[in-house]
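Engineer: Here is my input, please return the structure:
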Amino acid sequence: ITDSNFMIIEKAKVRYHIECESNPNNEELLVRMYQYDTQIALDDSAIEDGILLVSLPKSAVIYLRYCKNTPNSLKMVIKDGEQKIIRDVPIIKIQKYSLEEIFEKNLLFFLPFHVFVHEKELSVYNKDREKRKILIDEYQYIVERLEKLYKMEEIGEIEFQCIVTSMRE
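Structural biologist: Numbering: from 1, shown residues only. Next comes the predicted model:
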């Protein structure tokens, strides 16, 4: 039902829901996020002493593309009589992250989506050998950085292979 739904268990269990969206003007996303979040909450719910306990996951949306109208967060207001629960779902705009930022902040998950930074220029790369070489060099640089992280044991072989394979496909 979701793009990514996972739990991190440390001192407490924290459920996360991450959606990946390529349409920068998708207003249906608000409804989908609410539906998925409430379904996740129900799936993890418990009944204690006759009381239903539900916890909404920590959610975010990763936009592969964005435009000037793409908000920085999704806003939801859930009303229960006079009470209101205000939900603010952060938006991450992949194209705003430079390669250096991705590596500095250890956001390696973003690397397969880095091609969206170049999306508008892909037809130029197909025609211009020099510009294509620059793009190829950039991706060789990415693989070299990943290899270095792997050799330094900062990422494992599975992470390395998954990221490189995802960038190829």
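Engineer: any chance you could map the strands in the chain?
Structural biologist: Counting by DSSP state E, the chain has strands at residues 4-9, 13-21, 46-48, 51-53, 58-63, 73-80, 83-93.
Engineer: any idea of the mean pLDDT for the fifth one?
Structural biologist: Put plainly, it is strand 58-63. Average pLDDT, strand 58-63: 92.
Engineer: Given that strand, what are its sheet partners and their directions?
Structural biologist: strand 13-21 (parallel), strand 83-93 (parallel) (DSSP bridges).
Engineer: Just say which of these is most tucked in.
Structural biologist: Mean neighbour count, computed with mean count of other C-beta atoms under 10 Å, is highest for strand 13-21 among the strands paired with strand 58-63, reaching a mean of 17. No exception for glycine: its C-beta is placed from N, CA and C like everyone else's.
Engineer: Low-confidence regions, this structure specifically.
Structural biologist: Scanning the chain for pLDDT under 70 picks out 1-9, 169.
Engineer: in it, which spans are helices?
Structural biologist: For the chain, helices defined by DSSP state H occupy the ranges 28-43, 99-104, 122-127, 129-151, 157-168.
Engineer: could the ones you listed go into TSV alongside mean neighbour count and distance to Lys84?
Structural biologist: Output for these, formatted as TSV (neighbours: other C-beta atoms under 10 Å; distance: least, C-beta to C-beta, whole Å):
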stretch	mean neighbour count	distance to Lys84
helix 28-43	15	14
helix 99-104	14	36
helix 122-127	11	45
helix 129-151	13	45
helix 157-168	13	40
